[in-house]
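Enquirer: Give the three-dimensional model of this entry:
(chains A and B)
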There are 2 protein chains.
Amino acid sequence: MRAETSSHRVGARPHPIRIGLLGCGTVGTGVVKLLRANAAAFERRLGAPLELAAVADRSLKPNPSLGISSKLITRDSAAMVSRADLDIIVELFGGERPARDLILKALATGKDVVTANKALLAAHGEEIFHAADKAGRAVGFEASVGGGIPIIRTLREALAGDRQRAVYGIVNGTCNYILTTMSERGVEFAEVLSEAQKIGLAEADPSLDIDGHDAAHKLCLLAALAFGVMIKPSQVYTEGIGSITQQDIAYARELGFTIKLLAIAKDEDDGIEARVQPTMIPKKHLLAEVGGAFNAIYIHGEALGSTMYFGRGAGEMPTATAVMADIVEIARNRIAAPDGARSHPLGLPIDEVKRGRVKPMDDVVCEYYLRFMAPDKPGVLGVIASVLGRHGISIASVIQQERNSEVTVPVIMRTHEARERNLKRALAQIRQSRVVKQAPVFIRIEERL
Amino acid sequence: MRAETSSHRVGARPHPIRIGLLGCGTVGTGVVKLLRANAAAFERRLGAPLELAAVADRSLKPNPSLGISSKLITRDSAAMVSRADLDIIVELFGGERPARDLILKALATGKDVVTANKALLAAHGEEIFHAADKAGRAVGFEASVGGGIPIIRTLREALAGDRQRAVYGIVNGTCNYILTTMSERGVEFAEVLSEAQKIGLAEADPSLDIDGHDAAHKLCLLAALAFGVMIKPSQVYTEGIGSITQQDIAYARELGFTIKLLAIAKDEDDGIEARVQPTMIPKKHLLAEVGGAFNAIYIHGEALGSTMYFGRGAGEMPTATAVMADIVEIARNRIAAPDGARSHPLGLPIDEVKRGRVKPMDDVVCEYYLRFMAPDKPGVLGVIASVLGRHGISIASVIQQERNSEVTVPVIMRTHEARERNLKRALAQIRQSRVVKQAPVFIRIEERL
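Expert: Presented below is the predicted three-dimensional model:
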């Protein structure tokens, strides 16, 4: 009787959904672990099992405890993505080649695709999303931004009833860890970076993170989902955190601010603003409380107002959960309608997505924190203030402490809203006037986010 | 030429998705506004327009500026939900009757349903979800918990790759507003409640909110999505905020805590914990920073770790955006596969959802804050401590200030983890011993959330 029931069940069981994995490093291993640990739950949910059917990884050895037998492993990734017996290709190679070609091939041969590759999508997203729409297949990329935070499907689905106005993201855990540690422990950038490298929170070559490029890649995807426009990383004004000092962190605190590396995109009447930069935000703001390697994305919608999404932005298992969410969704759709059209990767047909007009940085208007190093003598403040005034920049507050023992003292100012072009001209003129001893420092303020 | 193009377009245009609205009060009006304001965006996204086709509301008058003509309005909601020319029924009546019957009728006659009705779903969710699965139709209920925060689809879809362990929600804006204001302004509960009623943040009869019942309804839905179990509001231990005093808020602060009304569900080895209660949480925790009428849901997943979702939990437009997100998703699925199976309302077939075994409150283990009012004389502390000790409750810290001018002084204790049953027995015995002047106060602590 038991055998009958069991064989009946097996007979009635739908075809498993077969997954091919490109790359089995940190995140790939996490995905394999989740496929095993939650196999029964996935089958209950979907009515069919998820099966790891192929793994392309040059250096992978069979791992029976993870269920990776030698017959699953291949070195020929091009052959793998063309196989007719796979349903979903999960691309975790990273980088642009061969990832781009493999994804296009997988889509063209009827597979749905899941990827965590933000650099690829920022550079070739339009091409890949076009190919997906043409093939009627899905491209899931939840893991590409914010690790385990479900920000991609939130923007694509959950906020689809509203019009988004602004996105503010802490999307690089390395930078957030460095800035948080600098702020909490009073240690300078170089020292914290070197510590972060030792504990594996920063790469040996950290420039992709600390110079803001990784955040700029992610911002392109966030802007595409939020506003329905494609922008390129080269259009994102990008500034890293390497020049942030303890001095500026201390003055920020005195003025009521915390410094965070923010990826900011705004949909304004005269174009899209897209910038990655160290930003002073009110220290009481929820984003300012996001510490360590955590990520958070703060979104302002016209009807909804502000929402925030917080969690781990990287790591084996958090990122793997995002990949798994895409796999489960795609598997469900394949089972419900094997040949049915998929949701568009950006939520709307790629033909409806516009090339975004990005506002030149010079046209951006914001408030500024300024630090001048000047001799401690009368008249300096007057010179600075009058140059700023001539450029239409008005001063909201000044901190100038008497420090008799020093020849050079900091003059700290917070401005009202000013246009970036005017600010830069004023600072150049102040520099030339020689009342200051070094190039003025400025950090943008976002007070009303 | 223009006429030809236009008529060609109309010809090629897919059938609009026709929406019937049950109830056009605050949230319904918000939905109508969004349908108008973002009509072009919805059509671009879906390839077909969303059309408001019928509104059932007893007191509604035609409103041309909202596009509500007299021919859209009906009083016969039973006839409306049976109409063959509607695709989606949006239920915003609230309450159990006639909402339940109308939703069941709508599902049985091929409509998909969107509802914001948490009280209905907490009481009759199982029946409604069964009916939806049987009819192969969808029930969207994003607006039922957390207003505009997309917590329903996050639990159903985004976290589907992981196993959830615990959910901690600030899901009642009225209570959070009252507690935040009490904490910031030092005013007692009754006064803040009366202010909140004046500004419309609390109902004339506030008991559904302040006694925790609304949060308990929402917790049932969160637990169903997080753990795949159905629990009833009557199984949720529910305690309101009416007995919170300035005294306890001040001592909480001294111990490093903030008091929040939390809806807590945990999936533990020996059953589900489900409780709504004033809770002391570390004042540095992100949830403690969620002030005013805002909501936030903090989730702990096995692989993902902690994530948090923050936003406006109520109000016309925030709640309407959640309804609209469900409408857009359902419309997309109707267009892609008109007769295709829908996603299950809880993410997995209702037959796979278990009746949850809810742990009796007496078996719950946590840390406690205790306040005893006792005469300021020697020996009191000894009596209290030894009764606690006999019940296996160990004390983590004590605050007892000398206050010579008063006859009765507060003795404040924080315990280590203890079982609720033991704590209650100990407190009863202390009360009987007459060393204390009134019933001891206890508030549960969640330190490691």
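Enquirer: Can you tell me the SS state at A:Asp162?
Expert: Here A:Asp162 is recorded as coil under DSSP: H, G, I helix; E, B strand; the rest coil.
Enquirer: Identify the residues contacting it.
Expert: Going by CB atoms under 8 Å, 6 or more residues apart in numbering or on different chains, A:Asp162 touches A:301-304, B:34, B:38, B:321, B:324. Quick note: C-beta positions are derived from backbone N, CA and C, even for glycine.
Enquirer: Any of those residues buried? List them.
Expert: A:301, A:303-304, B:34, B:38, B:321, B:324 (16 or more other CB atoms under 10 Å in any protein chain shown).
Enquirer: What segments of the stretch 1-150 of chain A are strands?
Expert: Taking DSSP state E, counting those that start in this stretch, the strands of the stretch 1-150 of chain A run over residues A:17-22, A:50-56, A:73-74, A:88-91, A:112-115, A:139-140.
Enquirer: Next, the nearest residue to A:Ile399 once chain neighbours are set aside: phi, psi?
Expert: Nearest non-adjacent residue to A:Ile399, counting by CB to CB, 6 or more residues apart in numbering or on different chains: A:Ile412, 4.0 Å away. Backbone dihedrals for A:Ile412, given as degrees, to the nearest 10, come out at phi -110, psi 130.
Enquirer: now the angle from the lengthiest helix in chain A to strand A:50-56?
Expert: Counting residues, the longest helix found in chain A (DSSP state H) is helix A:316-336. When axes from the mean of the first three to the mean of the last three CA atoms, to 10 degrees is applied, the directions of helix A:316-336 and strand A:50-56 differ by 120 degrees.
Enquirer: CA atoms of helix A:316-336 as CSV?
Expert: As requested, the backbone C-alpha atoms of helix A:316-336 are provided in CSV (Å, rounded to 0.1, in the frame of the first residue of the first chain):
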residue,chain,number,x,y,z
GLU,A,316,27.5,34.0,1.0
MET,A,317,24.1,33.2,2.5
PRO,A,318,22.4,36.7,2.3
THR,A,319,23.3,37.0,-1.4
ALA,A,320,22.3,33.3,-2.0
THR,A,321,18.8,34.0,-0.6
ALA,A,322,18.3,36.7,-3.2
VAL,A,323,19.4,34.3,-6.0
MET,A,324,17.0,31.6,-4.6
ALA,A,325,14.1,34.0,-4.5
ASP,A,326,14.6,34.6,-8.2
ILE,A,327,14.9,30.9,-8.9
VAL,A,328,11.7,30.1,-7.0
GLU,A,329,9.7,32.9,-8.8
ILE,A,330,10.9,31.8,-12.2
ALA,A,331,10.3,28.1,-11.4
ARG,A,332,6.7,28.9,-10.4
ASN,A,333,6.1,30.8,-13.7
ARG,A,334,7.7,28.0,-15.7
ILE,A,335,5.4,25.5,-14.1
ALA,A,336,2.3,27.6,-14.3
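Enquirer: Tell me which other helices or strands it touches.
Expert: strand A:17-22, helix A:26-37, helix A:39-46, strand A:50-56, strand A:88-91, strand A:112-115, strand A:139-140 (3 or more CB pairs under 8 Å, 6 or more residues apart in numbering or on different chains; DSSP states H and E).
Enquirer: The residue nearest the centre of chain A: what's it in contact with?
Expert: The residue lying closest to the centre of chain A (CA atoms, centre = their mean) is A:Lys218, at 3.5 Å. Counting by CB under 8 Å, 6+ apart, A:Lys218 touches A:118, A:122, A:144-146, A:169, A:171-172, A:263.
Enquirer: That one falls within a helix, correct?
Expert: Yes. Checked against three-state DSSP, A:Lys218 lies within a helix.
Enquirer: Roughly how far does it sit from A:Asn172?
Expert: 8 Å (CB to CB, to the nearest Å).
Enquirer: do A:Lys354 as well
Expert: Distance from A:Lys354 to A:Asn172, by CB to CB: 27 Å.
Enquirer: Kindly report the same for A:Ala135.
Expert: Applying CB to CB, the value for A:Ala135 to A:Asn172 is 33 Å.
Enquirer: Pick out whichever of those two has more residues nearby.
Expert: A:Asn172 (30 against 19; other CB atoms under 10 Å in any protein chain shown).
Enquirer: Quickly find the element holding the closest residue in space to that one that isn't next to it in sequence.
Expert: Nearest-residue entry for A:Asn172: A:Ala215, 4.6 Å, with adjacent residues in sequence omitted and distances by CB to CB, 6+ apart. Applying DSSP states H and E as the criterion places A:Ala215 in helix A:213-227.
Enquirer: pLDDT below threshold where in chain A?
Expert: Low-confidence segments of chain A, defined by pLDDT under 70: A:1-13, A:341, A:402-406.
Enquirer: Kindly recompute the last result at 80.
Expert: A:1-14, A:337-342, A:356, A:401-407 (pLDDT under 80).
Enquirer: circling back to that earlier point, could you tell me how many residues sit around the residue nearest to A:Asn172?
Expert: The burial count for A:Ala215: 30, using other CB under 10 Å.
Enquirer: repeat for the one 5 residues further on
Expert: Each residue near A:Cys220 was counted by other CB under 10 Å, and the total is 27.
Enquirer: which residue sits closest to it, ignoring its sequence neighbours?
Expert: Nearest to A:Cys220 is A:Ala122, by CB to CB, 6+ apart, at 4.3 Å.
Enquirer: pretty sure the one you found is in contact with A:His217, am I right?
Expert: Yes. Counting by CB atoms under 8 Å, A:Ala122 does reach A:His217; the two are 3.9 Å apart.
Enquirer: Which residues are in contact with each of the two?
Expert: In contact with both A:Ala122 and A:His217: A:Pro233, using CB under 8 Å, 6+ apart.
Enquirer: how about the helix holding A:Ala215: buried residues?
Expert: Buried, per 16+ other CB under 10 Å, within helix A:213-227: A:213-227.
Enquirer: Among these, which one lies nearest to B:Gly256?
Expert: A:Ala215 (33.6 Å; CB to CB).
Enquirer: my read: that closest one touches A:Cys175, true?
Expert: Yes. In this structure, A:Ala215 is within contact of A:Cys175 by CB under 8 Å, at 7.3 Å.
Enquirer: could you pull out the helices for the stretch 151-300 of chain A?
Expert: A:151-153, A:173-185, A:189-198, A:207-210, A:213-227, A:246-254 (DSSP state H, counting those that start in this stretch).
Enquirer: follow-up on the earlier one: any idea which of the contacts of A:Asp162 is closest to A:Ile330?
Expert: The nearest member of these to A:Ile330, counting by CB to CB, is B:Met324 at 24.5 Å.
Enquirer: returning to that earlier point: out of the buried ones among the contacts of A:Asp162, which comes closest to A:Ala190?
Expert: Nearest to A:Ala190 among the buried ones among the contacts of A:Asp162, counting by CB to CB, is A:Gly301 at 39.7 Å.
Enquirer: Residue of the stretch 301-449 of chain A nearest chain B, please.
Expert: Using CB to the nearest CB, A:Met324 is the residue of the stretch 301-449 of chain A that sits closest to chain B, at 2.5 Å.
Enquirer: dump the residue contacts of the residue nearest to A:Ile399.
Expert: Applying CB under 8 Å, 6+ apart, we find A:Ile412 in contact with A:251, A:254-255, A:369-371, A:398-400.
Enquirer: Any chance of JSON lines for these, columns distance to A:Ser77?
Expert: Compiled in JSON lines, those are given as follows (distance: CB to CB, whole Å):
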{"residue": "A:Tyr251", "distance to A:Ser77": "52"}
{"residue": "A:Glu254", "distance to A:Ser77": "55"}
{"residue": "A:Leu255", "distance to A:Ser77": "53"}
{"residue": "A:Tyr369", "distance to A:Ser77": "49"}
{"residue": "A:Leu370", "distance to A:Ser77": "52"}
{"residue": "A:Arg371", "distance to A:Ser77": "51"}
{"residue": "A:Val398", "distance to A:Ser77": "60"}
{"residue": "A:Ile399", "distance to A:Ser77": "58"}
{"residue": "A:Gln400", "distance to A:Ser77": "62"}
